[in-house]
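> Have a look at this prediction, sequence included:
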Amino acid sequence: MASQGAFIVFAFLVVLQILSLPVSGYENYTEGTMELDRANGGWHSGAAATWNGRPHGDGSEGGACGYQKAVGQRPFSSMVAGGGPSLFRNGKGCGACYQVKCTGNSACSGHPVTVVIADSGPGGNKPAFFDMSGTAFGAMANPGMGDRLRNAGIVDVQYKRVTCKYGTNVVFKVDKGSNPYYLAVLIEYENGDGDLKDVHIMEQGNRLSAMQHSWGATWSINSKDGKPLRPPFSFALTSGSGHVLVAPRVIPSGWRPGSTYLSSVNYAV
């Protein structure tokens, strides 16, 4: 119970520090959040989808979010898509979850499938575009018609943003190029919004600093005083819709580049 109480105090102090930061760091942010078109049950029309990779594969393992081979493993389980510019948002849309159902082909089942934005995709002249894995694209078809639907190449779809439920705590993967003066982390499996708009790191001594969005789902920070960064590292994550999650002491002293660290927390869903 003592450790739980200490965590609550720590999280409270971190949130207070974040709220005291300059307002310029929290611009109006509505695109891609959980705000939905309630008049149509949250569904948006006028979008399109295609697929890439192998017919029953996981799409691209070299995707612009940086998830690599994880896209073919649980909890992604190959149900991923590259998002056009309005969905990918220069990497800030990585990890967001959408339901997608196709409507423009007789092979379409009309039942939605849930995909995670794991890569960038083409834009075209559509307000939203999904470049799905072969597995996810085929899952929109009637039973036994997956290949027929994939042969169509591109289909019209409806889509809506949904809550992500990853079934694991948030994971932090340290980039292999990190060193005592520079830290870059790939952050995965955030429940709820699934995406992040801000990340802060707290070093030993309770020094809180904003991390820079590097690319995809990777955030980074450089030492600001010429001295090594001070582990252990805690993180404060701000989701796309502004919810803050504190992950204490995720990366320990003695951390190593290329290592993966599982936090003890995730957003409640």
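Sure thing, it's come through. Numbers count the residues shown, from 1 in each chain.
> so where's the protein shaky on pLDDT?
Within the chain, the stretches with pLDDT under 70 are 1-40.
> Not counting sequence-adjacent ones, nearest residue to residue 179?
residue 257 (7.0 Å; CB to CB, 6 or more residues apart in numbering). Quick note: C-beta positions are derived from backbone N, CA and C, even for glycine.
> center of this structure - which residue?
residue 95 (1.9 Å; CA atoms, centre = their mean).
> Tell me, how many residues neighbour the closest residue to that one other than its chain neighbours?
Distances taken as CB to CB, 6+ apart put residue 194 closest to residue 95, at 4.2 Å, once the chain neighbours are dropped. Residue 194 has 27 neighbours, counted by other CB atoms under 10 Å.
> pretty sure residue 194 is touching residue 96, no?
Yes. At 4.3 Å, residue 194 counts as touching residue 96 under the criterion of CB atoms under 8 Å.
> Could you look up the SS state of the residue nearest to residue 95?
Classification of residue 194 using DSSP: H, G, I helix; E, B strand; the rest coil returns coil.
> separation between it and residue 121?
When distance is defined by CB to CB, to the nearest Å, residue 194 is 17 Å away from residue 121.
> Next up, the contacts around the residue nearest to residue 179.
174-179 (CB atoms under 8 Å, 6 or more residues apart in numbering).
> and which of those is nearest to residue 131?
Distance to residue 131, by CB to CB, is smallest for residue 175 among those, at 25.1 Å.
> what sits against that closest one?
183-186, 218, 220, 257-258.
> now swap in residue 135 and tell me
Counting by CB under 8 Å, 6+ apart, residue 135 has contacts 56-59, 78-79.
> Any of the residues you listed buried? List them.
Using 16 or more other CB atoms under 10 Å as the burial test, those include 57-59, 78-79 as buried.
> Could you report the neighbour count for residue 116?
26.
> which residues pair with it across the strands?
On the basis of DSSP bridges, residue 116 is bridged to residue 80, residue 97.
> Dump the contacts of residue 257 into JSON lines; add distance to residue 66 and secondary structure as well.
Listed next are the contacts of residue 257 as JSON lines, based on distance: CB to CB, whole Å; DSSP: H, G, I helix; E, B strand; the rest coil:
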{"residue": "174", "distance to residue 66": "12", "secondary structure": "strand"}
{"residue": "175", "distance to residue 66": "9", "secondary structure": "coil"}
{"residue": "176", "distance to residue 66": "12", "secondary structure": "coil"}
{"residue": "177", "distance to residue 66": "12", "secondary structure": "coil"}
{"residue": "178", "distance to residue 66": "14", "secondary structure": "coil"}
{"residue": "179", "distance to residue 66": "19", "secondary structure": "strand"}
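> surely the residue nearest to the centre of the chain meets residue 117?
Yes. Residue 95 lies in contact with residue 117 (CB under 8 Å); the separation is 6.7 Å.
> Mutual contacts of these two, please.
With CB under 8 Å, 6+ apart, residue 95 and residue 117 have common neighbours 65, 194-195.
> count of residues packed around the residue nearest to residue 182 when sequence neighbours are not counted?
For residue 182, ignoring the flanking residues on the chain, the nearest one in space by CB to CB, 6+ apart is residue 222 at 5.3 Å. By other CB under 10 Å, the residues close to residue 222 number 12.
> Check the one 3 residues further on too.
Neighbouring residues of residue 225 were enumerated by other CB under 10 Å; the total is 8.
> cool, residue 211 as well?
22.
> on that earlier part again, which neighbours do residue 194 and residue 96 have in common?
116-117, 164, 240.
> follow-up on the earlier one: what's the distance between the residue nearest to residue 179 and residue 218?
From residue 257 to residue 218 the distance is 13 Å (CB to CB).
> residues of stretch 90-98 that come out buried?
91-98.
> and the protein, what are its domains?
Domains of the chain are assigned by the TED database as 31-161, 171-262.
> quick one: which of those domains is nearest residue 269?
Here domain 171-262 is closest among the domains of the chain (CB to CB), at 4.7 Å.
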